[in-house]
Structures are given as structure tokens and as C-alpha cells.
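J.: Build me a model:
(2 chains)
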Amino acid sequence: MAHYEAPIRRPLVTGDKTYHDVTLDVVAPVEGRANKHWWIVFGIALTAFLWGIGCIIYTITNGIGSWGLNKTVNWAWDITNFVWWVGIGHAGTLISAVLLLFRQKWRMAINRSAEAMTIFSVVQAGLFPIIHMGRPWLAYWVLPIPNQFGSLWVNFNSPLLWDVFAISTYLSVSLVFWWTGLLPDFAMIRDRAVKPFQKKIYSLLSFGWSGRAKDWQRFEEVSLVLAGLATPLVLSVHTIVSFDFATSVIPGWHTTIFPPYFVAGAVFSGFAMVNTLLIVMRKVSNLEAYITIQHIELMNIVIMITGSIVGVAYITELFMAWYSGVEYEQYAFLNRATGPYAWSYWAMMTCNVFSPQFMWFPKLRRSIMFSFFISIVVNIGMWFERFVIIVTSLHRDYLPSSWSMFSPTFVDIGIFIGTIGFFFVLFLLYARTFPVIAQAEVKTIMKSSGERYKKLRESGQSLVGSGADPRTSGGPVKINLDGHYQAAQAEVVSDEPMIPEDTHGNDVLINSLGAFDAATQKADDLQKVNGIGPKMEEKLNQLGIYTFAQVARMTKADYDLLDSITGSFPGRAERDDWAGQAATLNNN
Amino acid sequence: MYTLSKNLKLSAIIFMVVGAVLFAVDYVMLPKSTADIEAMEAAHGGGHGDTAHEVDGGTHTEKGHSTEIHGESNHASGVAHGDSQLADSHDGDHADGGHVMSKEEHLEHTLHQYQNKPWSAIYIAAFFFFMIALACLAFYAVQYVAQAGWSPLLLRVMEGITGYLLPGSIIMFVLLALSGFHLNHLFHWMDPDLLVEGGDKYDKLIAGKSGYLNVTGLLIRAAVFIAGWNIYRFFAVKFSKNQDEGADNRWHKKSFKAAAGFLVFFIYTESIMSWDWIMSLDPHWFSTLFGWYVFAGMMVCAITVIAMVTIYLKSIGLLENVNDSHIHDLAKFMFAFSIFWTYLWFSQFMLIWYSNIPEEVTYYITRIEDYNLPFFGMLAMNFVFPLLLLMNSEYKRINWFVMMAGVVILLGHYLDLFNMVMPATVGKSWSIGFVEIGSLMFFFGLFIFVVFSSLAKRPLEPKRNPLIEESKHFHY
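T.: Alright, predicted model coming up:
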């Protein structure tokens, strides 16, 4: 793709971000320590997860009778939760595969987390059929294995079996796709790792990624092939889930629109969940420059479009039920809208069809709080959609004497809450150990879509050499002016030796960083920079470095010089990005 | 700037004239009375003789009984089966819920089918080119809404193709109105006798739908839809022209908003249009997916036509900034929408086949039994061919190859439409003869003439579209 981008396009990476900044921002949560909030949320999620495990154990020891199912409504929360979780998984593949094929650059900031979400939610979905078997140790019976292993040959006519294949294929392809994208990013963490254990782990995870041109070429080829494979999977998985219902002859279930409408609904709920997660994550992990308002806005538009498609499908179903002239079909829909479960039907309508329409207003879809609110509403609405389809169709049997109602027991609710806990446990762990933004991919669009480079280009300057960073190599120094980052045209360190062979290192250092004048300037608390302790501060002061402004001017050459002077923690300053931190501190 | 060449104009007119002549020749030769039918069947030998049809009548009766689950009236559901539906509509004696046709009834019934044949042929051909223009307009609106950077160079080509929307939709309206005035019997439900309770022909199911399925309603809906689509088309073209002459991006933003509004209108009207104009030809049958299925077919055809027109214009030295990557992208869309169409076809077919509910499955039974070759043939043309031909990314860049694939796809979707309409209107008496080919040629000529005249009205490259530079720099 050419670097050219029309001027009316808004930047996808905001702020004065250089390539090195991308690295630093993405690894910050991995290399840093978890704060209190993370531990609190993690604690809550873990508790919910443990509670869920308790309920699962209760179910297995006591049997499925501990759920609220009865002879008429013999499928309710379990399948609702299953479909809900599978549906949520769809956004990941859509973002990573379909948007890749459509060359949508905005996907790069969100694909990693969306794919993680996909995998974690499919894990939750997979739990439900296994638990519902009652004897989960026989779960392998759903696979076609020879009879001598204990099972009878599986029934290939059953959509439930198709589900097994569809979802396991989906999980495998999504996992491979996710991991392929992760390789260069894991390698980046590996190369920065200081502790041998970390280095070992990330070496294993990155599969020996070397960053050669050949690696990249293969990377791009395999991404396209996987995208091609995953795109039909986006459609097939929820299509087959919809077949679970639509192949039956139950009024309200047997309708031909189910396959595409389930897929649209799945993408709808998936994007809502991506929005829920990323709106929080961009704040907590300081990723606002990458997951911008524009990203949220675009996701809101996808939510609006898919919500409207789902709305058209609801109305089509309603109309066709009447048009068909089939009494049972007509009653099924009348009962949905006016029967004892009407509240859930109208909750679904309000959440899924009505609420996304607010996104027509640019002000609302660019509001973070409102987007978050709607994303939660949609998550709830899509749960109700499955509940409505499943329970309202079943609770009025063909035989009126069998009519009944469904109410969940604490076990039903507990398992559902447990899966939410499990999902967040996985996601929170992921957020601290994985590069949550596909930084290698984001770097490929920096020059076309990064604000820094867009501005450079618009001001008529050449982009040649502008990818270099003083903190890692040569390049223009970033100076903080009036709260705005601006790239000053400083001298580019080229062939000069990085460390001058001059024993008077301190003078050289002060010359490049600027002298501190105690009469006019005030010393800053350098210990605020992560990585500078009391001892280091003392050493810096001895060298004449007192202010953030001075530290902010440090380049790779200065770091090396500093290391050679102080002789302690070699490479630490560069890794912790003292210059960048100091620039931020100086700005505030 | 493109100018309509004399040769092309002449070819278009020749197509129209030859098409009309073929149509007329075949029309004259069609059987005009039951005596003609009898003579024709005698000439064809005993294979299609009365015995065969009597056996058929018997089978239909069986099915008729099995569909009684939703009505106390036997014949109401018993008539839902392809050609037997017409038989029942035109003769009275079926109070016992299906019957064995007498020889006279059979001849009468076949005659009605033959009377429908030329009308159906026109209807299919007219709808086929109309839907290309309509879907092209939708694809055009999507380009604006998605702020696509690859396609602005093709926007004028799309505007040209949508030039056929106005004549095409007016022709459709006239055809519907003619059916409404009982000049033909394409729409079985338009027969007022079906609604007379206690009458010979009373059809409980159709009577139940008459609140929606009535001529007035159909024509009002058609008028509103046609007006809506054409109004958007008018403003879309105007805004894009104004943007070329303007000083800022005001008109581009207006195009964006108009496109978004149109797509909302379109998603509803397209579905309803397909129920009204096609699905109701089989008035007992229903499928919630039908609207989207028709939509997918429309889109494939429209994108194919965009690719073909673009390749043609390039071949005569125009659209110099359009490169193979643009063709590649169009071919990708042809491929993708072909697969999407197949997906919807399969979803609709599989669910109905699997559930095997009589009132629904009869739709496919008539098609597989009486239209076996066109039914499976169009599946090969619309799925297997595009899948094999357009899978390879190198092939998608070879212009003549895309042209060839396009011809197969367009013919395949004509056949798909044929399968949607003919079984309901002419039943077993179908053939692809001069009437069908003549109508197709006539409307093809008209389409070419209108589209290329429309292309000649504006410069082929939008000057000031804010994304045009991206499109010029576009490479895969």
C-alpha cells in the first residue's frame, strides 16, 4: 500500500509518536508492575471464576436437575450463554480477517485485543456444551472416534455435531492467526528483556523470529492466507450455531433468515464487547494515542450498521410470521411480543435495535462515556435475544398441557457469572503479559497515518530519516514546547562514534544536555522518573543533571556515555526511556 | 470524456430489433387454444400424454392432504404446488382437496401456462437489467459511506450504469400495473375470485394475506420505492457533479449523507420489493431469507457489470488511471459476492430441505423435478464457475478473463431469476425459446443504449473527489 493518504483522513496514531514511542507504549504494561486497580479487578474476576467453578462442580455432582430446566423448556441458560459467548467471539475474526482483506488500517490498533477476546470467549462458550453433557469426562464422544473407544459413531445429521467441528476449527484458526501476528511483537519484548527468565519465555513464544526480510515476507503471506481461511469461518460458525435452531420445526426457530441474521448479530455483539474492553484498556494502559476516538467511532458505526441489520431481520421475521398464514408461526411471534416473556422481547428490541440508532449522531458516537454505556446495553440486549429465541419458542409447546415457564436457579446464574469471571481473568492476565497492540503492524502505517509524520509531510518536510530516534540511534531530538511535541530539526548523529573517546565524559554530557543554572532554574525531583533511584539521582546531580528538561534531551549517545561514567545498570536508561518519561514529566 | 460511438449505438438498436422480432415470431407460434395444445402434445408423442399428467395430479393431491395442518379448508393448502396451483385457480372442481385433472382441464391449464410464457419472459428480462441498475446504485452508495479510497475512479462508471434505473424501474412499474389490470395471470393472487368466501376458488391462505397482497397496495409500494431510489440517484449524480465544480468538500459531505440515508431506505425497500415482485408469484410460499437472497444475486450482477464496463472503457483508451489493481478488486468482489450468494442460496435451500415442511419444501420440489437442468445448471454457473475461475489472484488481473467469468456469472443469474419466476407462472411448460432470448436481447440492447448514453453525459473521472488521489495511487 502506498504511503499516500488523502488529507481528509484523520490520523490513526495521534500525538507526536515516533517508532520508538510505539515500542515503549506497548511494552509498558508488560515491563511495568501491576497497579492496585488491576489487582482489585483481578481479584473480583477470580472470585467470580471460583464461584463458577463451584457451581460447575455442584452441577456435575448433583446432575443437570440442579438447573432450572424442565420437560418443556429443556434448553435455556446453557445454550443462551453458549450462543452469547460464541457470538462475542466473532468481532475478533472480523477485525483481523475481513478488515485485513478490506485493507482497513484502523484495525491494527484493535485487532490483537479483539482476537484475544475471541479466543477467550470461545473458551467460555465451549464450556457449556461440555457441562451440559452431565458427564464431561465423556466429552470426547462428540468426536468421531471408532466404537471400541466407548462411543457410538456420532450422528452426522445433527447440527450439534457440526457445531463441534465449526467451533474447534474456528478456535484453531483464530489461535494460529493471533499467534502469527504476535511473533514479531513477542520478539520485540524478547529483545528488550533484561531478566534471563523473561528472555527465555519470550524467546520460546516468538518462535525464533529474526526480523529478516524473509520473515516479514512469510509473515505477510501467511496473514493473507489465514485471512482468506478465517473469513468464511466468520460466516460459518454462527451459521451453524443458527442451524441448531433453524433445522428444527419449532415455530420461531425454523426460519431461513437465521444464518445471516445470526452472523450479523454476532458481529454486533462482538463489536460491543470490543468497545467495552478497549474503552477501559486504552485508559488503564495509556493507549489513547493508538486506540483513538476515531477507532471508537468506527466501531460504533459497525455496531449501528449491524444493529440495524439485526433490526431488519427482526421485522422481517415478524412480518413473515403473519404473511406465512401458519397459525403456529403467528402465535409464536404474538407470544413473544405480548406473552409472559414480553419484557424480555422488548428489552431485546430496545437494546439491539433502538439503542444503536443513537450512533447516527456524531456527537454521541464520539463520546467515550456514551459509547461505553451503549456497548454494555448491547451486550445485555444480545443476551436477551438468545434468551427470547430459545425460551419463548420452547415454553409454549404444541401441547398446551405442557406449557410452562423457565426460571433459573442459583446454579444457572452462578455458572454464567463464573464464565464472565473466567473471561476477565484471562483478559486481565493477557493485558499484562502480551503486547496488546500489534505494534509491528502499527509501525507499518506510521508514515502514512501517524499524526507526527502527517504533520511533517504537510509542512513540506522530507520524511527521509524521520523514523530514527535519538534515544535508540540518531535522529531529530524531541523537545517539549508549549505543551506540544514538536520535532526540532536537530543535528543527526551520523558517522560520529557514539561514545567520544574523551575521558572528560561529564563535559560532553553537559554540553549536549545543557548546563543547569541554580540561580534561574529549579531542580526537579528526578526520582519521579521510573528507574532513577536516590543513588542514581545523586550521581546525576554530581554530573550536573538536575532537571527533567536535561534528561529529556538525552539520546542513545548520552545514555551510553552515562553508562560508561556511572558504570551501573548498563542499558537501563534506554530501556526505561528516561528521556521520554522526563519529557512527559516536564510537560505536566 | 466518453462519446457514444455510432457502432455501439447501432449494435444496441440491432439487439433491440432482433430481440423484438424473435419475440414476435415465437409469440405468433405459441399455442392459442386448447386445440393447439392437443395437437402439440400429440406431435410430441405419448410421453407427455394424459396418463402421465393424471399420475402427476394424483401425486399433488397427496401433497395437498399432507399440508392440511394449518387450515380447515382442504383446498386452501392443497393448491400450493407449482403448476397445480394454476390448475386449481382456473377450474372449479376441487372441493375434495385436490383432484385428478380431466383431459379438458389439463389442456386448459397448459394453455394458461403458455399464455403466461411471453409475459414471464419479458418480466424476467426487464427485472434482470433493472436489478443491475438498482444494485449498482447501492454499491455506489456503499463507496461513499465507507469512504473507500480505491474506487473513486470508478464512481462515474457506476453513475452511468445507474442511468438505467429510471427507465428500468418505470418498465417494471408498467408491467406490474398491467398484471394488476389482469392483462396477464403472472400473479395468481391477483385473481379476485380467490377472496370470495364460500366461492369455488376461495383460497383461505391467500385471503389471509390480502391485507398486504392486493393490487393497490402493491402498486403504491412500487411507486414509493421507485420514487425513492430515483430521487437518490438524481441527487447523487448532482452532488458528484457539483463537487467537481465546487471549491470545498461541501458536496462530498452531502453525497456521504445522502448515501447513508439511501442505504437505510434501500435495505428495507429491497426486501419488500423482492417479496412483492418475485416471492408473491408463489403466493403460498414464504421464506424470511428471500429478500437478502435476491439482494446477493443483484450485487453480483451489478459488480460484474461495473467490471465489464470498466474493462470496455479501458480497452478503448479511456479511464487511463484505472489499473489492473482496480480490476483485481472488482473481481474480488465478484468472487466474494458469488460465494456470499451461494451461502444464502444454501442456507435457504438447506433449511427448507432439512425441515421438509410440506408448504415450504414444495417450492424446491417443483424446481428440482421440473427445472432440473436450469436449477442445478445455475448453481454450477453461479458458484462452481466463479469459485474456480476467480480463486487465483493472477487471473483476477487478466481483463479478458474477468470478462469471460462475467458472462458466465450474468447468464447464471439470469437463470436464477428464471427459476424464481417461471415455475410459478408457466410451470412445466417452460423452455428457453425465442420468446425468452428475444426479450433478453431487447432489454440488453436497451440497457447498453441507456447506460452508454448516460456515461457520455459526464467526464469519466471525478475531478475534485477528495479521495481521488488515493484511487490513482492505488496498487495491490
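J.: what helix or strand does the residue nearest to the spatial centre of chain A sit in?
T.: With distances taken as CA atoms, centre = their mean, A:Ser113 lies nearest the centre of chain A, 1.9 Å away. According to DSSP states H and E, A:Ser113 maps onto helix A:111-132.
J.: what does B:Trp430 give?
T.: B:Trp430 is part of no helix or strand when elements are defined by DSSP H and E.
J.: Kindly provide the distance from it to B:Phe290.
T.: Per CB to CB, to the nearest Å, B:Trp430 is found 21 Å from B:Phe290. In short, each C-beta sits where N, CA and C put it, glycine included.
J.: what are the ranges of the strands in the stretch 301-450 of chain B?
T.: Taking DSSP state E, counting those that start in this stretch as the criterion, the stretch 301-450 of chain B contains no strands.
J.: For the residue nearest to the centre of chain A, which non-adjacent residue is spatially closest?
T.: Leaving aside its chain neighbours, A:Ser113 sits nearest to A:Val436 (5.5 Å; criterion: CB to CB, 6 or more residues apart in numbering or on different chains).
J.: Report the secondary structure state of that neighbour.
T.: Going by DSSP: H, G, I helix; E, B strand; the rest coil, the secondary structure assigned to A:Val436 is coil.
J.: Number of residues surrounding it?
T.: Using other CB atoms under 10 Å in any protein chain shown, A:Val436 is surrounded by 26 other residues.
J.: Likewise for A:Pro400?
T.: For A:Pro400, using other CB under 10 Å, the count is 7.
J.: gap between it and A:Ala342?
T.: 19 Å.
J.: Tell me if stretch A:305-315 is near chain B.
T.: Yes: Stretch A:305-315 comes into contact with chain B (CB under 8 Å from any CB of the partner chain), by way of A:Ser308, A:Ile309, A:Val312, A:Ala313.
J.: buried ones in that stretch?
T.: For stretch A:305-315, burial by neighbour count (16 or more other CB atoms under 10 Å in any protein chain shown) applies to A:Ile305, A:Thr306, A:Gly307, A:Ser308, A:Ile309, A:Val310, A:Gly311, A:Val312, A:Ala313, A:Tyr314.
J.: of all those, which comes closest to B:Ile14?
T.: If you rank these by distance to B:Ile14 using CB to CB, A:Val312 comes first, at 43.1 Å.
J.: model confidence over the helix or strand hosting A:Ile510, on average?
T.: Here A:Ile510, judged by DSSP H and E, is contained in helix A:505-513. Across helix A:505-513, the average pLDDT comes to 70.
J.: ok, A:Pro570 to B:Val145 distance?
T.: Distance of A:Pro570 to B:Val145, computed by CB to CB: 55 Å.
J.: of the two, who's got more company?
T.: Shown here are A:Pro570 and B:Val145; by other CB under 10 Å, B:Val145 has more neighbours (19 against 14).
J.: So A:Trp209 is in contact with A:Asp185, correct?
T.: No: the pair A:Trp209 / A:Asp185 is not scored as a contact, 9.1 Å apart, by CB atoms under 8 Å.
J.: between the two, which one's more packed in?
T.: Taking neighbours as other CB under 10 Å, A:Trp209 and A:Asp185 compare with A:Asp185 leading, 27 against 21.
J.: Now do the same contact list for the more buried one.
T.: Contact analysis of A:Asp185 by CB atoms under 8 Å, 6 or more residues apart in numbering or on different chains lists A:Val26, A:Arg112, A:Phe434, A:Pro435, A:Ala438, A:Gln439, A:Ala440.
J.: please redo it, this time with the cut-off set to 6 Å
T.: A:Pro435, A:Gln439, A:Ala440 (CB atoms under 6 Å, 6 or more residues apart in numbering or on different chains).
J.: Skipping adjacent residues, who's closest to it in space?
T.: Going by CB to CB, 6+ apart, A:Asp185 has A:Pro435 as its nearest residue, at 3.9 Å.
J.: go on, B:Phe383?
T.: Spatial nearest neighbour of B:Phe383, excluding adjacent residues (CB to CB, 6+ apart): B:Thr342 at 4.3 Å.
J.: Please report how far the one you found lies from B:Asp416.
T.: Distance of B:Thr342 to B:Asp416, given as CB to CB: 11 Å.
J.: out of the buried residues of stretch A:305-315, who's nearest chain B?
T.: Nearest to chain B among the buried residues of stretch A:305-315, counting by CB to the nearest CB, is A:Val312 at 5.6 Å.
J.: what about B:Ile327, distance to B:Val142?
T.: According to CB to CB, B:Ile327 stands 19 Å off from B:Val142.
J.: who has more neighbours, those two?
T.: Neighbours per residue (other CB under 10 Å) separate B:Ile327 from B:Val142, with B:Ile327 holding more: 22 against 16.
J.: List the buried residues of the helix holding A:Ser113.
T.: A:111-129, A:131-132.
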